[in-house]
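*Asks:* Sequence and computational prediction follow.
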Amino acid sequence: MNDTISAAYRGSNPSEHRLLMDQSAVVMKLGLLLMQSGASAYRVKSSMSRLARAVGLDEHHAQISFTEISTTSYSGNNFRTEVAETRIKGINAFKIDVLGDFVSSLPEHISPIQASATLDRIGAEKPLYPPCLLALAAAFACAGFAFLNRGGIIECAVVLLAAFAGQLLRSTLAHKGMNHAAIWLLCGLLSAGLYVGAMSVLIAPGLIGDNHLVGFISSVLYLVPGFPLVTGLLDLFRMDFAAGINRLTYVMLLLVSASCAVWLVSTAFDLPLEQAAAPHLATWLLVLAQVVASFVAAFGFAMLFSASPLACFWAGVIAAGVNPARIWWVEMGWAPHLAVATAVFAAGVLSEILAPAFGRRVSRVSLSVPAVVTMVPGVSFYMSMAHFSNGNISAALESFVQVLFIFMALGMGLAFSRLLMDPDWRYDRDTQDVASLPTGHTR
């Protein structure tokens, strides 16, 4: 996994070169842990630079892609270049927070052995939530989305069952190291198929009408790769193009894989690809239900991102405030992408304000990303892909263009909130300069 190239000038002390190897190795270990947890490229590079300075390196430079890190470390007359690759592409917001706490609390000097031992302990920590609990989180999150997508009690109940089974399968296959594109396709087929099958069982004897099938798209929304989508967009705004483009390519691959499942199920059963009518509820009750559904959806996605319970709760609170507002702005005639950009900006600012209140236990990314994932247009994207596959180009293009605008609005909303609240975002600095700033700036 690790290919190392090292060089030393003539006359260098072997013990100094050995020390350089240890210093470079522990900094690389931090970078790999952050990458495996889904951290953005800027966070990885700035965190590595802080640790490099603390372990005594004179300079440290890193190039980050989605699965690889290339670093060069300098100490005295020695330098060392390392190239490492990781095939782990998970999301662990809690571990990002713990590693951020480690970096923020670094002393002025720390030995590579001590830093490595701490990183080994962090890396060996067990997942916060067992697979069954994650499946339950995905189930309730998708049920919340089903309501927000104009589903009723029946749709939400069946989505609950379908998403639970799909997420359980995803956890099992991911644990075995299966290709992610294949996982997304198989889980999408299972969830969408279960939804249609359960609805058909209820429709056949006349227990319900035949107008409940469109909710099957909500049953696969747990497959929307919201965390890498948002961090990829932020990478682009930070001009980290190598990491951002690679990460967004990964996102598109997963979305296309899940879209294939939606298309196959919709084609096999000749399902209608159209939005349901809004539920007939009193205005106050509808708003209350949207608040609750937004909270549940964000809380569930935060759990899927392995955020701490505290972060899950406050991410849900933020989503409960901004997402219903976004829905009503659209109902009032706002352009959907404008409503999304405004709501995401508000979520970003609230995250920037709330995160410091919890000390170093919660980072802003653990609050903002789950909150804004509730606004990712998963239904529109899957419907546009299905329309493309069915040859309905006009409807497909209409949905796809709207999806692109909303994706851009997501990135812009969070980027502008960072520009407003974080000096490190207002000015372009080399990560060597960031490493010399007071601790806490990279959170």
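*Replies:* All right, it came through fine.
*Asks:* Just give me the residue closest to the centre of the protein.
*Replies:* Closest to where the C-alpha atoms of the chain average out (C-alpha atoms, centre = their mean) is residue 227, at 0.8 Å.
*Asks:* so that residue sits in a helix?
*Replies:* Yes - looking at residue 227 with DSSP: H, G, I helix; E, B strand; the rest coil, it is inside a helix.
*Asks:* shouldn't it be in contact with residue 38?
*Replies:* Yes - using C-beta atoms under 8 Å, residue 227 is in contact with residue 38, at 5.5 Å. (C-beta placed from N, C-alpha, C; glycine too.)
*Asks:* rewinding a little: enumerate every residue touching the residue nearest to the centre of the chain.
*Replies:* Contact partners of residue 227, counting by C-beta atoms under 8 Å, 6 or more residues apart in numbering, are 38, 91, 93, 305, 369, 373.
*Asks:* try 10 Å this time
*Replies:* For residue 227, the contact set (C-beta atoms under 10 Å, 6 or more residues apart in numbering) comprises 37-38, 90-93, 247, 251, 301-302, 304-307, 365, 369-370, 373.
*Asks:* Now, of those residues, which are buried?
*Replies:* 37-38, 91-93, 247, 251, 301-302, 304-307, 365, 369-370, 373 (16 or more other C-beta atoms under 10 Å).
*Asks:* Among the residues you listed, which lie within helices?
*Replies:* 93, 247, 251, 301, 302, 304, 365, 369, 370, 373 (DSSP state H).
*Asks:* just the helices in the stretch 301-443 of the chain please.
*Replies:* Counting by DSSP state H, counting those that start in this stretch, the stretch 301-443 of the chain has helices at residues 309-331, 336-354, 364-373, 378-390, 393-421, 423-426, 431-435.
*Asks:* With the stretch 151-300 of the chain instead?
*Replies:* Counting by DSSP H, counting those that start in this stretch, the helices of the stretch 151-300 of the chain are 153-175, 180-203, 226-237, 241-268, 283-304.
*Asks:* Next, format these as CSV and append mean pLDDT.
*Replies:* As requested, the helices of the stretch 151-300 of the chain are exported to CSV (pLDDT from 0 to 100):
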stretch, mean pLDDT
helix 153-175, 93
helix 180-203, 91
helix 226-237, 90
helix 241-268, 89
helix 283-304, 93
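*Asks:* Quick check: which of those helices is nearest to residue 73?
*Replies:* Among these, helix 241-268 comes nearest to residue 73, with 19.7 Å by C-beta to C-beta.
*Asks:* quick revisit: can you put the ones in helices among the buried ones among the contacts of residue 227 in a markdown table and add distance to residue 160?
*Replies:* Below are those laid out as a markdown table (distance: C-beta to C-beta, whole Å):
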| residue | distance to residue 160 |
| --- | --- |
| 93 | 24 |
| 247 | 30 |
| 251 | 26 |
| 301 | 15 |
| 302 | 18 |
| 304 | 15 |
| 365 | 28 |
| 369 | 24 |
| 370 | 19 |
| 373 | 19 |
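*Asks:* Worst mean pLDDT across the helices and strands of the protein, which element?
*Replies:* strand 2-8 (a mean of 44; mean pLDDT, DSSP states H and E).
*Asks:* is it true that residue 332 touches residue 338?
*Replies:* No - Residue 332 is beyond contact range of residue 338, at 11.1 Å (criterion: C-beta atoms under 10 Å).
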